[in-house]
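Student: kindly return the folded structure for what I paste below:
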Amino acid sequence: MKKGAFIALGIVTFIVSFGLGAASKLLKSPQMKKYSVKWNESLGTLQKDISYGEGEAQKFDLYLPKDDSKKSYGLAVYIHAGGFTSGDKSEDEEMLSWLCSKGYVAAGINYTLADEKNHASVLTQSNEIKAAMPKVVEAAKEAGYPIDKMTIAGGSAGHALAMIYAYRDGADAPVPSVVAYGAYDKMQPFAASKRLKSALEENHVDYKYFVLPHSGHGLQNDNAISLKWIQTVEQYLDKYMPLE
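Tutor: Residues are numbered from 1 along each chain as shown. Below you'll find the predicted structure:
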């Protein structure tokens, strides 16, 4: 495991590939109810719009669990979807609240969107995510929540940015991964997921690869597999970032 200047990274990356509307629909299904939590003060403390840079979009929300008595905490970061051109960290509040309710420090990070006002690219956006991480860890530590390991995840465009951070910036050891793809995905060609699967196998990564045979980019048509997928995410969290 690589020890960086600011954090020892024990990263499990769980990747989702759904659009914003479908994500909301998926999490509101009866089977997924436990993974969608409305934020309330009984869960802990929510610090919003903490700056990690000078850019207008360079802000993150930090979810701090109620129990502040531990010597160290796991950090769960979720990067929002939106095709690199839209979206906001607030759209993932229920998922981040669920992670916080489990006892993790959770964070949603915004990044500069590629639109008419900005000349952002996937490279600059990924560099913003990289720059945000030490600020997230620092803010958590200042609040009394030292971080010693982390996971990063994302939906759609956030999926790509999470993978870039995990495999380019996060650690030099194989990063355990859980990935899910729709066989009818037209936004991100399904064939790309097969290349990822081959790369994970060739590098002896501990991974789980889910194919939703009746779904597109939204992963919305295979509820049983979706449930198994997110249960596996929880199992990987318990394995690689256990709550003590």
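Student: in the chain, which residue is closest to the centre?
Tutor: Ala153 (2.0 Å; CA atoms, centre = their mean).
Student: give the pairing partners of the host helix or strand of that residue; include direction for each.
Tutor: For Ala153, the element it lies in under DSSP states H and E is strand 147-155. Within its sheet, and counting by DSSP bridges, strand 147-155 is paired with strand 12-16 (parallel), strand 73-79 (parallel).
Student: give me the mean pLDDT for the first one.
Tutor: Averaged over strand 12-16, pLDDT sits at 40.
Student: neighbouring contacts of the top helix by length along the chain?
Tutor: Using DSSP state H to define each element, the chain has its longest helix at helix 122-142. Helix 122-142 is contacted by residues 5-7, 47, 50-53, 55, 58, 60, 62, 64, 73, 75, 77, 79, 84, 105, 107, 109, 111-112, 114, 146-147, 160-161, 164-165, 168-169 when judged by CB atoms under 8 Å, 6 or more residues apart in numbering. C-betas here are computed from N, CA, C, even on glycine.
Student: residue ranges in the protein under the pLDDT threshold?
Tutor: Applying pLDDT under 70 to the chain flags the ranges 1-29, 170-173.
Student: only the buried subset of the contacts of helix 122-142, as a ChimeraX command please.
Tutor: Burial among the contacts of helix 122-142 is assessed by 16 or more other CB atoms under 10 Å; the matching ChimeraX selection reads:
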select :7,50,52,55,58,60,62,64,73,75,77,79,84,105,107,109,111,112,114,147,160,161,164,165,169
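Student: in strands only, show me the contacts of helix 122-142.
Tutor: Among the contacts of helix 122-142, the ones falling in strands (DSSP state E) are 47, 50-51, 60, 62, 64, 73, 75, 77, 79, 105, 107, 109, 147.
Student: which residue packs closest to Lys186, ignoring adjacent ones?
Tutor: Among residues not flanking Lys186 along the chain, Gly216 sits closest, at 6.3 Å (CB to CB, 6 or more residues apart in numbering).
Student: could I get the contacting residues of that neighbour?
Tutor: Gly182, Tyr184, Asp185, Lys186, Met187.
Student: list the contacts for the last one?
Tutor: For Met187, the contacting residues are Gly19, Gly83, Ser156, Gly216, His217, taking CB under 8 Å, 6+ apart as the criterion.
Student: out of those, what pair is the most spread apart?
Tutor: The two members of those with the most space between them (CB to CB) are Gly83 and Gly216, at 14.3 Å.
Student: this structure: helices as residue ranges?
Tutor: With DSSP H applied, the chain shows helices at 20-27, 93-102, 122-142, 157-164, 190-202, 223-240, listed in chain order.
Student: what sits up against the fourth one?
Tutor: The list of residues contacting helix 157-164 from outside it, by CB under 8 Å, 6+ apart, reads 13, 15-17, 77-84, 87, 111, 122, 125-126, 129, 152-154.
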